[in-house]
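> sequence unknown, structure follows:
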C-alpha cells in the first residue's frame with residue numbers, strides 16, 4: 001500500500017492590505033432635475049431599440065439606499081424617446097418613491113433594465129418623484145398603452161428618470 005506524502009503547512013503571515021490608489025475620476029455633482037439636459041438622443045437608436053422598449057415586457061428598477069445597498073424591484077416602465085425620460089408609476093409610500101422623494105430635486109441614481117433572452121438594455125440616469133395630477137395622468141396613459149390600464153390609486157406618483165446613459169445590445 002502506498003502512502004500519500006504529507007505537506008506541512010505553515011501559518012500564513014498576516015500582511016497589511018495593499019493601498020489602493022484614489023480614483024482619478026472625480027464624481028460629477030448631480031444637477032437639479034429642472035436644469036438637467038438630455039445628453040443622449042434616443043431617437044437615433046433605431047426601430048429595434050424603440051420596439052424593445054415599447055413591446056410589453058417587465059423591467060427591473062435599481063436604486064441605491066442611503067446605506068449604499070442596492071434596492072432592486074420589478075416594474076413596468078415606459079420610455080419617452082423624444083424627451084429622454086423613462087417613467088415608472090408606483091405608490092407614494094413605496095421604498096422607491098421614498099428614495100426619490102428624499103433625494104429632492106437632484107434625484108437619486110437609478111437604472112431600469114429589461115431583457116428578452118440574450119437581448120438586454122439598461123437606461124441609467126437620475127430619478128425624481130412627480131406627484132402633480134398632470135404628470136400622473138400622462139404616466140398612467142403611457143403605462144396603459146404599453147401594458148394595461150392601471151387600477152385607480154389615490155396614492156399614485158410617477159418616478160421620472162432623465163436618461164444619461166444607455167448600455168446593452170438592444
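Sure, I can see it. Remember, it's a predicted structure, so these values are computed and weren't measured experimentally. Numbering: from 1, shown residues only.

> Could you tell me which residues within stretch 162-170 count as buried?
Buried residues in stretch 162-170, counting neighbours by 16 or more other C-beta atoms under 10 Å, are found at 162, 163, 164, 166, 170. Placement of C-beta: from N, CA and C, glycine included.

> Nearest to residue 132 among those residues?
Nearest to residue 132 among those, counting by C-beta to C-beta, is residue 162 at 16.6 Å.

> Please name the bridge partners of the closest one.
For residue 162, the beta-bridge partners are residue 85, residue 126 (DSSP bridges).

> any idea how far it lies from residue 116?
Separation of residue 162 from residue 116 (C-beta to C-beta, to the nearest Å): 25 Å.

> Quick check: bridge partners of the spatially most central residue of the chain?
By C-alpha atoms, centre = their mean, the chain has its centre lying nearest to residue 111, at 1.3 Å. Residue 111 forms beta bridges with residue 62, residue 124, as assigned by DSSP bridges.

> quick one: the helices in this protein?
Assigned by DSSP state H, the chain shows helices spanning 47-52, 95-103, 133-146.

> what about residue 120, distance to residue 48?
13 Å.

> and the two? which has more neighbours close in?
Per other C-beta atoms under 10 Å, whichever of residue 120 and residue 48 has more neighbours is residue 120, with 14 against 10.

> so what pLDDT did that one get?
Residue 120 is assigned a predicted lDDT (pLDDT) of 96.

> now it, nearest residue through space, not along the chain?
Closest residue to residue 120 apart from its sequence neighbours, by C-beta to C-beta, 6 or more residues apart in numbering: residue 168 at 4.7 Å.

> Tell me the bridge partners for the one you found.
Beta-bridge partners of residue 168, as defined by DSSP bridges: residue 121.

> Return the residues in contact with it.
Residue 168 makes contact with 113, 119, 120, 121, 122, according to C-beta atoms under 8 Å, 6 or more residues apart in numbering.

> With distance to residue 67 added, can I get these in a markdown table?
Output for the contacts of residue 168, formatted as a markdown table (distance: C-beta to C-beta, whole Å):
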| residue | distance to residue 67 |
| --- | --- |
| 113 | 22 |
| 119 | 33 |
| 120 | 28 |
| 121 | 28 |
| 122 | 23 |
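
> who wins for most neighbours among these?
The residue in the contacts of residue 168 with the most neighbours, by other C-beta under 10 Å, is residue 121 (20 neighbours).
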